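[1] Give me a 3D structure for the following:
(chains A, B and C)
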Amino acid sequence: MRLTYSAEAVRLAVPALSLTVLLAAVFWLQPRAMSYVGLNLLFNLAVPIALATIAQMLIMAVNDLDLSMGTFVSFVACVAATFLRDTPLLGTLILAGVVGVYAAIGIVIHLRNLPSIVVSLGMSFVWAGLAVLLLPAPGGQPPDWVRALMTAKPPFAPMAIIASIVIALVAHLLVMRSSLGVLIRGVGGNERSVERAGWSVLAARAAAYGLAGVFAVLAGIALVGLTTSADANIALRYTLLSIAGVILGGGEFIGGRVSPIGAVIGALTLTLAGSFLSFLRISPDWQIGAQGAILIIVLALRLLLARIEKREKAR
Amino acid sequence: MRMLGRISRKPWMWSWTAAFVVWFATIMVTGGASTFDLSQAALTFAAFSIIVGIGQMFVITLGPGNIDLSVPSTMTLAGTLALKLMEVDNAMIVPGLVIAMITGVGVGVVNYALIKALRIPPIIATLSVSFIVQSAAIWTNRGLRIKPPSFLADFTTANTLGVPNVAIIALVISVFAWFLLEKTIYGRWISAVGQSMPAAKMAGIPVDGTRFVTYIFCAVLASLAGYLLACFSGGAALNMGSEYLLMSIAVVVLGGTAVAGGDSNVPGIWGASLFMFLVVSMLNTYGLGAGIRLIMTGLIIISVIMLAGGRAR
Amino acid sequence: MTGDTLTAIVEVADAKVSFGAVKALDGVTLAIMPGECVGVVGHNGAGKSTIVSVINGGLTPHQGNISSDGERLARYGIGVARARGVRCVFQELSLCPNLTVIENTRILHRHLGGFGWRKRARKVIERSLDLVFPGHGIESDRSVGELSIAERQMVEIAMAFSDAGVAPRLVILDEPTSSLDAGLAEQMLGYVRRFVDAGGSVIFISHILNEILTTASRIVVMKDGRIVADRRSIDWTEHSLVESMGSVAKGEANRRAVRDLAGAPVVVEQIGPGLPFRAKRGEVVGLAGLAGHGQTRMLMKLHAAETSDWLARREATVAFVAGDRRLNGVFELWSILKNFSIGSLGDLTNRGVVDVAAEMERATDWKRRIDIRTQDLANRILSLSGGNQQKVLFARALSTRAPVVLMDDPMRGVDVGTKQEVYEIIRQQAASGRTFVWYSTEMEEVCLCDRVYVFRDGAIVAELEGDAVTEGNILAVSFRGAAA
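    So this is what the prediction gives:
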């Protein structure tokens, strides 16, 4: 790889920098966090958030938005804690089916030119309803292999770190390196020119939604593995967190500008924000607020960078 | 027949019809025994979604991409702050209301300042603000749950001539909103901006001023709803707003307001809000659980948008 | 056809295309042979872009037929055209700005897929870039959005000439040099000549006449949707090209009496690249030149300088008449009445409340004055014909008290009768002291103005006044290299 000053690198600079600064601050406040166990604790919950963020990113790559991410992940968690454990075959079928539903939503949105926000809003009620039907009260148990996987203690680095790296790499290969990824991002960038070159925009959008469904399903399974039980409201915050994660990671709402590695970093940053405050002995009340503040700061930084870049270009 | 055709073309008719059908289906089961109670409860609970929904409707009317996600946290913060200031003292009712309003204005100003200054889509600006406001609410809410002043607690739960007081407040606000939209220059401006921002600009409309005022208006209505809801339910709970994030958007969509902007519909908000509550009670009466209710709500939203919002490619 | 007679790569026979009342193509026959570069020139609305769309398959002519390699094609579209090696560099950006140059190559060439496509795509595009623009310095793994405009255009051109399976045989270049500097333009023209010498074909559209004269082997002049001249380029001169593009008599009949405005005060002013812009009270100032050379931007600047985004002005100082009605003109959900009154609501409200009676009265008055053909002003604006919608937009602007009216080529697609009515109103209003700044792509209208600024490449390059406002003079400055 040549060391070029590419847009992607700049896009990654701000989120990577904010994560590093935050991590350094945490270590400075609490040196004991700089250990295998400490890191695992810090980033444990990041894995499902990172997966959900990648899912949201795929939808945003085609200029849409998914407001049902939180309820969908909750629903998957409920399925994983019941069917997937008791009747693995049926559970797998159900999960495959809902991925199909995601692709179908993409098709409907494209064909009827519907606003994705409203359709996914409707779907969020549907997923929430299904989850409540499945588990009216908190309960269920993750399949043993999921539990084992999520609590595994690999050598050198804790599971959460390794999983995050794997997620980032897989998503990077899929979205940034493969032909399909190029096509999906092309639809976000300039739908007309993709169409003019003879591609089916419908298929591209369906693929983006389908892939998003796959990642969201993985998010739900990972979440159950960590929490040991599921309930219908377990992941409601993921809708907003996943959007924030994509934006933090350098993604944009329109124009197909997304970065999978950035999205994972964004998810890690959001997870870390909470721990950081608790080390500062600021009350955990401000955990959510810190996430909002980080979001604003990063967006302001990005605007500043873009301004500087523009000025240099004009010179 | 022509008359019927004209009415059926009014977008608010659908939500009203749906609300009526559900209401009827419910009292059929109970044999009409609880008709009055049911109607009263529906009006009470719908009132809160109406107040919040009207604010959200104004924002959505501004055109694609405009949406206020900070509504639930604004409700919680306004309710919490007001109750804290009033400290169960009937003399502090007005200052409490004022502090709730100020909260709303503040959130609205910050929302639009971020949209403008960081040039980010409203959805992400209001999202970040909602995180911070939510934290502020949690922080102030700490400790004991404070009761509302007795007068307010009585007022919000009582009826006047059989009509719940909160519903009367919602009606007053609705009439005011309708007047703003239909009769004033500001209403024309919102609609113009929502239909086409470039065209509005070139027609000499102060686009930023219009949007700014609208975001403030939405946040103020959210705080008012939060104030009332906190008093109604005997105290501000931290999650009291959360239900209203999706609800506020849903009643706007179901009420026949154009999701693409430019066309708003006050009566539709009433129909949709009543409907949303009545579906719950109907399914309860039939012995069906929350799950089915949620699924049906979702399917209805999707069917509405597919019938109304489809533009052929 | 058989034997050694060359067959045309694409041949369009008697093509007719009309958009509403406007005939964009009125029976055009054009054959592009292998190994020739056909230059196409013409003024606004001559039909250049339309014939290009027909040849690249984007537009099916309403009449006439298309054949390729001696074979008549019943179903001709973008796909067929591409498969036969027809490529087009569009005036608007046709790449995905968020993707890298390599990824854009992948999108354009459908058959590059499979493992290792990045390497193949890089080879394809870098070879083409090196051939067309030696020493270009463009890194192909940068995203298109961060390239400069010139670099983007270079990539577009190289993309059109790139070969990944289907070799390019006919490349359409529509104003390809508009954002390239002289050196890069020369590189590209050199490559076009080599491409043509090697048996390829090019259709070349440009407003820089000596580019066309030195590069094309044959030049076609278009006017009013027809081909009016078709000669080898050595038989043309800059002068004869300009002459054959113009039509002498048209427009002169409408010429207005020259008015003396020397003493009138200047009401708007704008300093930009090129000559300064000034308009006096009661003056009709025309903005002319080829479409897209900065006229609309000038109007937007004038408008932005006089309006605020935050507070409404008590007294509007400018009013705007849109040309692109769908983009920045009509409010589609609204009635005719509301569309009309939105510009002058300040006069029609009392403490923010709209005075419905006054609104109706004024609208009815203007409906009569400008003859908007509708039963009921409460009908939706979209129920009107295009011409009548345009009249509503005129009425919106004229009914304000703004002393300056900006017009952004508002007569596109409007019928002749309406045009004459509007011309008359403009004449009357100018006489009573209103200033009009009028961008028009129609020569006839430009000739109605007191004074005309001609735009080229984003700047005002000439100011014509009175009798000097002629089609010949405007054409001469619109096309670079033709003046002097």
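
[2] Looks like residue A:222 contacts residue A:150 (just checking).
    Yes - with contacts counted by CB atoms under 8 Å, residue A:222 reaches residue A:150, the gap being 6.2 Å. For the C-beta atoms, the positions are set from N, CA and C on the backbone; glycine is no exception.

[3] Comparing the two, which residue is more hemmed in?
    Shown here are residue A:222 and residue A:150; by other CB atoms under 10 Å in any protein chain shown, residue A:222 has more neighbours (28 against 22).

[4] Quickly note the distance from that one to residue A:159.
    From residue A:222 over to residue A:159 the distance is 10 Å, taken as CB to CB, to the nearest Å.

[5] and for those two, which residues touch both?
    The contact sets of residue A:222 and residue A:159 overlap at A:47, A:150 (CB atoms under 8 Å, 6 or more residues apart in numbering or on different chains).

[6] on that earlier part again, tell me, what's touching residue A:222 and residue A:150 both at once?
    Counting by CB under 8 Å, 6+ apart, the shared contacts of residue A:222 and residue A:150 are residue A:47.

[7] Name the residue closest to the centre of the chain, please.
    No chain specified, so I'll use chain A. Nearest to the geometric centre of chain A sits residue A:53, at 1.0 Å (CA atoms, centre = their mean).

[8] oops, I was thinking of chain C
    Using CA atoms, centre = their mean, the residue of chain C that lies closest to the mean C-alpha position is residue C:291, 3.8 Å off.

[9] So what's the predicted local confidence for it?
    Residue C:291 carries a pLDDT value of 82.

[10] cool, and residue C:253?
    pLDDT recorded at residue C:253 is 49.

[11] Ok, residue C:185 next?
    90.

[12] I'd guessed it sits against residue C:211; true?
    Yes - Residue C:185 lies in contact with residue C:211 (CB under 8 Å); the separation is 7.0 Å.

[13] Mind checking which of the two has more residues around it?
    Between residue C:185 and residue C:211, counted using other CB under 10 Å, the more crowded position is residue C:211 (21 against 18).

[14] The more buried one against residue C:188, yeah?
    No - between residue C:211 and residue C:188 there is no contact under CB under 8 Å: 9.5 Å.

[15] show me what contacts residue C:446?
    Residues near residue C:446 by CB under 8 Å, 6+ apart: C:251, C:286, C:288, C:440, C:452, C:469, C:474.

[16] how about the nearest residue to the last one, chain neighbours excluded?
    Going back to what we said before, that points to residue C:474. Using CB to CB, 6 or more residues apart in numbering or on different chains and skipping residues adjacent in sequence, the residue nearest residue C:474 is residue C:288, 5.0 Å away.

[17] Report the contact partners of the one you found.
    By CB under 8 Å, 6+ apart, residue C:288 lies in contact with C:295, C:439, C:440, C:446, C:452, C:453, C:454, C:455, C:474, C:478.

[18] Let me know the pLDDT of the fourth one.
    Think residue C:446. pLDDT, residue C:446: 87.

[19] Over to residue B:144?
    The score at residue B:144 is 59. That number is its pLDDT.

[20] Repeat that for residue B:4.
    53.

[21] same deal with the one 3 residues further on?
    At residue B:7, the model reports a pLDDT of 55.

[22] repeat for residue C:53
    We note a pLDDT of 89 for residue C:53 in this prediction.

[23] just for the stretch 301-450 of chain C, where's the confidence low?
    C:413 (pLDDT under 70).

[24] Give me every residue in it lying close to chain B.
    Contact residues (CB under 8 Å from any CB of the partner chain) of the stretch 301-450 of chain C with chain B: C:303, C:307-313, C:316, C:318-320, C:322, C:327-334, C:338, C:342-343, C:345-346, C:349, C:352-354, C:396, C:400.

[25] Those residues, buried ones only, as a PyMOL selection?
    Per 16 or more other CB atoms under 10 Å in any protein chain shown, the buried members of those correspond to this PyMOL selection:
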select buried, chain C and resi 303+307+312+316+318+319+320+322+328+329+330+331+333+334+338+342+343+345+349+354+396+400
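
[26] So which of the residues of the stretch 301-450 of chain C next to chain B are in strands?
    If you go by DSSP state E, these have C:318, C:319, C:320, C:349, C:353, C:354 in strands.

[27] Need these in CSV (columns: distance to residue B:126).
    As requested, those are arranged in CSV below (distance: CB to CB, whole Å):
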residue, distance to residue B:126
C:318, 34
C:319, 35
C:320, 32
C:349, 31
C:353, 30
C:354, 30
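
[28] Would you verify that residue A:117 is located in a strand?
    No - Residue A:117 is assigned helix when assessed by DSSP: H, G, I helix; E, B strand; the rest coil, not a strand.

[29] so it touches residue A:67, yeah?
    Yes - the pair residue A:117 / residue A:67 is scored as a contact, 5.9 Å apart, by CB under 8 Å.

[30] can you pull the buried residues of stretch A:37-46?
    A:38, A:39, A:40, A:42, A:43, A:44, A:45, A:46.

[31] ok, the fifth one - contacts?
    The one in question is residue A:43. A:158, A:160, A:161, A:164, A:268, A:271, A:272.
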